[in-house]
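Student: Structural data only, the sequence is not supplied:
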């Protein structure tokens, strides 16, 4: 980065420098009397303003807000600090799963290009106990959307990440519901609604995965929470 | 004297001394509010900006130390930026130059403190030493928070020279003030 100098004093005043640049400029400021003078001038200029009497009660309003914010901050910190032991344990477990989830999400997002194949061949490095599987879901004859899924099996757990695109907008309480099926018997495995640009993501995790799923499907359900599919299958694939 | 006591107060604020924050507030309420009203031309917006400033001071955002210059320079700059943020968020930026007002305004009816009066008179004298264009630039940049593009357009100067021209104007202003203070017995420069 070019050394910050007098040219940056205006940016410094405007607060548009990055933290790093700001520190660098402050180093320059220590030895540059020109810039020191300009900064000093900003301690004088506001006196050009006409005096305005502060509104009644402003001090009380401002100070109480300032101190209240502090209280709220403290409270929320306290809440964070005292989770029940059970939750704490769960939280730790969840936290450990993040790398897996990030890897899975990245993996899915890479599927659309040749790089995915490259990554696919590198998969063994993720360890013997973890298995990745990528799936391209096929739309039915009339559905315009596409979806990719990644299934990560690790010991007894299964994680499923789905990314869909070009989805049709939904009406009312409709959701896109994901199902895992074995021999035609489905279980719900996450649901999503598309964003304004027709994209949708879902993550689903099964702690004790004993089944050997053979199909993944996405249906258009009239509402969320159905235990078995009511709507038609819009996207599906064998696993 | 005032400089060190500002710093002492600030240090106490950093240690979450509410009374110190209140003292700091009392000390700068009027100048900050007046400054913010000059910038925003809106008393509600000025109050909102002032609140932002004290929330930041209390939380220790953008920590002050003496290497950053005078405490007032730091406090005023933070206030100015709070006002600019709010102006950009809430108000349509005014384009017409007439709306931007003058750097030096006609005498006001509200009584000024003797200290304020003295500072103001000195700065006003120094401002007179600036060219009309320089005065305009300081007003648009410093008090109105206009973007460089807008300043370039309104002052009819090339965009690439806006920053250096503002810098020169501020430097000249400080130089003139400095000379005046050397000559006189100003109480507000150490």
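Tutor: Arrived safely. Every value quoted in this text rests on a predicted model; they were computed, and no experiment measured them.
Student: Give the full set of residues in contact with residue A:216.
Tutor: Shown here is residue A:216, whose contacts under the criterion C-beta atoms under 8 Å, 6 or more residues apart in numbering or on different chains are A:135, A:137, A:149, A:151, A:160, A:178-181, A:189, A:236-237, A:239. For glycine as for every other residue, the C-beta is placed from the backbone atoms N, C-alpha and C.
Student: so what's residue B:75 closest to, chain neighbours aside?
Tutor: If you skip the residues right next to it in sequence, residue B:75 has residue B:28 as its closest partner in space, 6.4 Å away by C-beta to C-beta, 6 or more residues apart in numbering or on different chains.
Student: State the distance from the one you found to residue B:6.
Tutor: For residue B:28, the distance to residue B:6 equals 9 Å [C-beta to C-beta, to the nearest Å].
Student: count of neighbours near the residue nearest to residue B:75?
Tutor: Residue B:28 has 22 neighbouring residues, counting by other C-beta atoms under 10 Å in any protein chain shown.
Student: how about it, secondary structure?
Tutor: Of the three states, residue B:28 takes helix under DSSP: H, G, I helix; E, B strand; the rest coil.
Student: need the helix or strand of chain A with the lowest average pLDDT.
Tutor: Every helix and strand of chain A was ranked by mean pLDDT, DSSP states H and E. The lowest is helix A:114-122, at a mean of 45.
Student: Check which helices and strands whichever helix or strand comes after that one is in contact with.
Tutor: Downstream of helix A:114-122, the next assigned helix or strand under DSSP states H and E is strand A:130-139. On a contact count with 3 or more C-beta pairs under 8 Å, 6 or more residues apart in numbering or on different chains; DSSP states H and E, strand A:130-139 meets helix A:85-110, helix A:114-122, strand A:146-154, strand A:215-221, strand A:233-238.
Student: Which of those comes out lowest on mean pLDDT?
Tutor: Mean pLDDT is lowest for helix A:114-122 out of the helices and strands packed on strand A:130-139, coming in at a mean of 45.
Student: what's the residue nearest the centre of chain B in contact with, if anything?
Tutor: In chain B, the C-alpha nearest the mean C-alpha coordinate belongs to residue B:76, at 4.9 Å (C-alpha atoms, centre = their mean). Counting by C-beta under 8 Å, 6+ apart, residue B:76 touches A:42, A:43, A:45, A:46, B:32, B:35.
Student: ok, of these, which one's closest to residue B:88?
Tutor: Distance to residue B:88 across the contacts of residue B:76 (C-beta to C-beta) is lowest for residue B:35, with 17.5 Å.
Student: doesn't residue A:163 make contact with residue A:146?
Tutor: No. With contact defined as C-beta atoms under 8 Å, residue A:146 and residue A:163 do not form a contacting pair (9.3 Å).
Student: more neighbours, the two?
Tutor: The neighbour count for residue A:146 versus residue A:163, taken as other C-beta under 10 Å, is higher for residue A:163 (20 against 16).
Student: so the more buried one is in which element?
Tutor: Going by DSSP H and E, residue A:163 is in strand A:157-165.
Student: In terms of secondary structure, what does the helix or strand just after that strand contact?
Tutor: Moving toward the C-terminus from strand A:157-165, the first helix or strand encountered (DSSP H and E) is strand A:175-182. Here strand A:175-182 touches strand A:157-165, strand A:185-192, strand A:200-206, strand A:215-221, going by 3+ C-beta pairs under 8 Å, 6+ apart.
Student: Looking at these, which is nearest to residue A:15?
Tutor: Once those are compared by C-beta to C-beta, strand A:200-206 is nearest, at 35.6 Å.
Student: chain center to that closest one, what's the gap?
Tutor: 13 Å (C-alpha atoms, centre = their mean, to the nearest Å).
Student: partners of it in the sheet?
Tutor: Strand A:200-206 has the following strand partners under DSSP bridges: strand A:157-165 (antiparallel).
Student: how many degrees apart are the partner strand and strand A:130-139 in direction?
Tutor: 30 degrees (axes from the mean of the first three to the mean of the last three C-alpha atoms, to 10 degrees).
Student: Mind checking the pLDDT average for strand A:157-165?
Tutor: For strand A:157-165, the mean per-residue pLDDT is 87.
Student: how about that strand: buried residues?
Tutor: Neighbour-count burial for strand A:157-165, with 16 or more other C-beta atoms under 10 Å in any protein chain shown as criterion, is recorded at A:158, A:159, A:160, A:161, A:162, A:163, A:164.
Student: Might you list the low-confidence residue ranges for chain A?
Tutor: A:1-3, A:69-129 (pLDDT under 70).
Student: Chain B now?
Tutor: The model of chain B has pLDDT under 70 over residues B:1-4, B:91-102, B:104-112, B:184-190.
Student: quick one: the helices in it?
Tutor: Residue ranges of the helices in chain B, as given by DSSP state H, are B:2-14, B:18-40, B:43-59, B:71-90, B:114-128, B:132-138, B:148-155, B:159-183.
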